[in-house]
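Chemist: Got a predicted structure plus its sequence, pasted below:
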Amino acid sequence: MPKPLTITTAISYPNGRPHIGHAYEAIATDAIARAARMSGRDVFFQTGTDEHGLKVAQTARTKGITPNAFVDEMSSYFKEMDDILNISYDRFIRTSEPAHHAASQAIWEAMAANGDLYLDRYEGWYSVRDEAYYDESELSEGADGAKLSPQGTPVEWTIEESWFFRLSAYQQKLLDLYEKQPDFIQPESRRNEILRFVEGGLRDLSVSRTSFDWGVKVPGSPDHVMYVWVDALTNYLTGCGYPSDPERLERYWSEGGDIVHIIGKDIVRFHTVYWPAFLMSAKLPLPRTVFGHGFLLNRGEKMSKSLGNVADPKDLAETFGVDPLRYFLLAEVSFGNDGSYSAEAIVHKTNTELGNAFGNLAQRTLSFIAKNLEGRLPVPAPFPEDEALLATVHEATTCAVPQAFASLAPQDAIQAWLRAAYACNAYIDAQAPWALRKTDPARMEAVLATLYVAIADLAIAISPVIPASAGSLLDHMGIPAEVRSYGALGTDWYTDLHSRGFVVEAPKPLFPRLEMPVEAQAE
């Protein structure tokens, strides 16, 4: 039996509404999780919201409401986004939950018991927007002379009493981790950045604040709340049962377990330096992989409120459809690199790949069967060219596609699937069942039976990316739920379906042709 897979997105900071970057991360992680389930894996998939910190406290104060009321509202928008986008999470966690406070205090006490926490005075540069401390050497100067973080956010000089974590004691341990576990940080470019950062030397980390009280209380120091990243990172443990459910923890967060974090490239340092150090200190298992994906750019430009190009994923889903949006984001961008999107690109890729290469293949095949065989499933009679096509489709759908998903490469999975779809289109054009209808009806049926099996296999294989559309097609084709997995792909189901006299009706278009939105045409 394969090990359970624990896979997470980063938890989103709900200081504003979700944008397309949040959607991209959720969709990619969801597709990988769905593919793992279809490969027979026991999967725990967690996402959620990171609700503490000074930024939330300040925003709530400007709105004249409590932080709790503010995050209740804002978190609901992120959950709504996930539900609209058909994200199959097992747990939507909120760090304001009592269970999470208990987990954060438990890891704090474990780090304290290991001698890695001490009380001192903090003086240094802090970015409220990043909820991060920066060394003087990491700062740059803005146009107005203000100091800026590496992310371009303003920093302010902060002085307060603070608990510190002995991060400096973990420098060599972290370097040893990166050497022994080379896939701990992916892709390679992120790994190289972190290696250089850690090799440059680590300073102890301030891990509490006294200037505000919206956060998890530090055990034994009620005037202190935990630095938001200690609290936020611990969410992954909370969902896995830490510290009160050892059986669940052993299942989903055990030594040598398959634990994967999918996060944005801007927070790789927190997940690959601070987080493993905290876990080592608390004597808890480490993740297998932290994957830092790239950013989505709007027509090649970074999204910002000032430019007015921040896209609402709910609006995009309403305009183009959930599955076309999911497909575009995963097919267009090589996972790990930055990518760009536009209305034109979404329309083009949906119409040419989903619509023409797959939707039209299913449409004309099933419509032909409904019209010429009155919906009766055609009688198979394998010929060499039929067997060659099915072998091509089978290799793609049972090997290349699931292996690419398992390697955290959804774009590669889609490309393997698309090549198989193109092979089916070449096959139907070459075999021309519409011509065989008059000259060789038995051969026509064999061709249609081959296509019926191939289309079902393709629909099953791509369902992690377009779950609603693929599921609708499979329902229409009468494909039993128990064979909709990578391990069950084959032809036995067709024999059973045929023997039971299943009748397929003429289908509705799976992917109606998209047109450019009026507002996009005006740009």
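Modeler: Received, thanks. What you are looking at is a predicted structure, and each value in this text was computed from that prediction instead of being measured.

Chemist: And the residue sitting furthest away from the middle of the chain, how close does it get to Asn372?
Modeler: Most distant from the centre of the chain: Thr439, at 50.4 Å, with distances by C-alpha atoms, centre = their mean. Going from Thr439 to Asn372 by C-beta to C-beta, to the nearest Å gives 14 Å. Where C-beta positions appear, they are placed from N, C-alpha and C, glycine not excepted.

Chemist: try Gly142
Modeler: Gly142 is 70 Å from Asn372, by C-beta to C-beta.

Chemist: between the two, who's got more neighbours?
Modeler: Applying other C-beta atoms under 10 Å to Gly142 and Asn372 shows that Asn372 carries more neighbours, namely 17 against 11.

Chemist: Give me the nearest residue to the more buried one, chain neighbours excluded.
Modeler: Of all residues not flanking Asn372 in the chain, Arg437 sits nearest, at 6.0 Å (C-beta to C-beta, 6 or more residues apart in numbering).

Chemist: Just the pLDDT at that neighbour, thanks.
Modeler: We have a pLDDT of 95 for Arg437.

Chemist: Same check on Leu390?
Modeler: The per-residue pLDDT reported for Leu390 equals 95.

Chemist: Then Val228?
Modeler: The score at Val228 is 87. That number is its pLDDT.

Chemist: Got the phi and psi for Val260?
Modeler: phi -130, psi 130 (degrees, to the nearest 10).

Chemist: Helices of the stretch 51-200 of the chain, start to end?
Modeler: Along the stretch 51-200 of the chain, counting by DSSP state H, counting those that start in this stretch, helices occupy 54-63, 67-84, 98-113, 171-180, 188-199.

Chemist: Pick the most buried one from these.
Modeler: Compared across the helices of the stretch 51-200 of the chain, helix 98-113 shows the largest average neighbour count, a mean of 19 (mean count of other C-beta atoms under 10 Å).

Chemist: now for that helix, which elements pack on it?
Modeler: For helix 98-113, the elements it packs on are strand 217-218, helix 228-233, helix 235-239, helix 275-281, judged by 3 or more C-beta pairs under 8 Å, 6 or more residues apart in numbering; DSSP states H and E.

Chemist: now for those, which one comes closest to Asp496?
Modeler: helix 235-239 (39.6 Å; C-beta to C-beta).

Chemist: can I get the CA coordinates of the closest one in PDB?
Modeler: Listed next in PDB are the C-alpha coordinates belonging to helix 235-239 (Å, rounded to 0.1, in the frame of the first residue of the first chain):
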ATOM      1  CA  ASN A 235      -1.700  25.000  10.900                       C
ATOM      2  CA  TYR A 236      -0.400  22.000   8.900                       C
ATOM      3  CA  LEU A 237       0.000  20.100  12.100                       C
ATOM      4  CA  THR A 238      -3.300  21.100  13.500                       C
ATOM      5  CA  GLY A 239      -5.200  19.500  10.600                       C
END
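
Chemist: burial measure for Gln181, as a count.
Modeler: 14.

Chemist: Quick check: the gap between it and Arg37.
Modeler: Distance, Gln181 to Arg37, by C-beta to C-beta: 25 Å.

Chemist: which SS class is Leu202?
Modeler: Following DSSP: H, G, I helix; E, B strand; the rest coil, we place Leu202 in the coil state.

Chemist: no wait, Leu284
Modeler: Under three-state DSSP, Leu284 falls in the coil class.

Chemist: on that earlier part again, between the helices and strands packed on helix 98-113, which gets the lowest average pLDDT?
Modeler: In terms of average pLDDT, helix 228-233 trails the rest of the helices and strands packed on helix 98-113, at a mean of 94.

Chemist: List the buried residues of it.
Modeler: Val228, Trp229, Val230, Asp231, Ala232, Leu233 (16 or more other C-beta atoms under 10 Å).

Chemist: and if you look at stretch 236-247?
Modeler: So, applying 16+ other C-beta under 10 Å, buried residues of stretch 236-247: Tyr236, Leu237, Thr238, Gly239, Cys240, Gly241, Tyr242, Pro243.

Chemist: got the residues you listed as JSON lines, with distance to Pro464 columns?
Modeler: Shown next, in JSON lines, are the buried residues of stretch 236-247 (distance: C-beta to C-beta, whole Å):
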{"residue": "Tyr236", "distance to Pro464": "22"}
{"residue": "Leu237", "distance to Pro464": "26"}
{"residue": "Thr238", "distance to Pro464": "26"}
{"residue": "Gly239", "distance to Pro464": "21"}
{"residue": "Cys240", "distance to Pro464": "23"}
{"residue": "Gly241", "distance to Pro464": "26"}
{"residue": "Tyr242", "distance to Pro464": "28"}
{"residue": "Pro243", "distance to Pro464": "33"}
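
Chemist: Just give me the closest of the residues you listed to Trp125.
Modeler: Among the buried residues of stretch 236-247, and counting by C-beta to C-beta, the member closest to Trp125 is Tyr236, at 27.9 Å.

Chemist: helix/strand/coil for the nearest residue to that closest one once chain neighbours are set aside?
Modeler: Excluding the flanking residues, the one nearest Tyr236 by C-beta to C-beta, 6+ apart is Thr8, at 5.5 Å. Counting by three-state DSSP, the backbone at Thr8 sits in strand.

Chemist: For Thr8, list each beta-bridge partner.
Modeler: Judged by DSSP bridges, the bridge partners of Thr8 are Gln46, His261.

Chemist: Please look at it and Thr29 and confirm they touch.
Modeler: Yes: between Thr8 and Thr29 there is a contact under C-beta atoms under 8 Å: 7.3 Å.

Chemist: that older thread, list of residues touching the helix or strand hosting the residue nearest to Asn372?
Modeler: According to DSSP states H and E, Arg437 maps onto helix 433-439. The contact list for helix 433-439, computed with C-beta atoms under 8 Å, 6 or more residues apart in numbering, reads Phe368, Asn372, Arg443, Met444, Val447, Leu448.

Chemist: average pLDDT across the helix or strand the fifth one falls within?
Modeler: To tie it back to what came earlier, the one meant is Val447. Following DSSP H and E, one finds Val447 within helix 441-462. Confidence for helix 441-462, expressed as mean pLDDT, is 97.

Chemist: Run through the neighbouring helices and strands of it.
Modeler: Looks like helix 441-462 contacts helix 360-372, helix 384-395, helix 401-406, helix 410-431, helix 433-439, helix 467-476, helix 492-499 (3+ C-beta pairs under 8 Å, 6+ apart).

Chemist: now, of the ones you listed, which is deepest in the fold?
Modeler: Of all the helices and strands packed on helix 441-462, helix 401-406 carries the top mean neighbour count, a mean of 22, counting by mean count of other C-beta under 10 Å.

Chemist: Output that one as CSV, restricted to C-alpha atoms.
Modeler: Taking C-alpha atoms only, helix 401-406 is exported to CSV below (Å, rounded to 0.1, in the frame of the first residue of the first chain):
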residue,chain,number,x,y,z
VAL,A,401,-0.7,11.4,-16.8
PRO,A,402,-0.7,10.0,-13.2
GLN,A,403,3.1,10.0,-13.1
ALA,A,404,3.3,13.7,-14.1
PHE,A,405,0.7,14.6,-11.4
ALA,A,406,2.7,12.6,-8.8
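
Chemist: That one - what's its average pLDDT?
Modeler: 98.

Chemist: returning to what we had before: which among the contacts of helix 433-439 gets closest to Pro517?
Modeler: Phe368 (33.4 Å).

Chemist: Isn't the closest one up against Leu448?
Modeler: Yes: with contacts counted by C-beta under 8 Å, Phe368 reaches Leu448, the gap being 6.7 Å.

Chemist: Residue ranges in the stretch 251-400 of the chain under the pLDDT threshold?
Modeler: 299-310 (pLDDT under 70).

Chemist: Can you get me a residue count around Gly487?
Modeler: By other C-beta under 10 Å, the residues close to Gly487 number 11.
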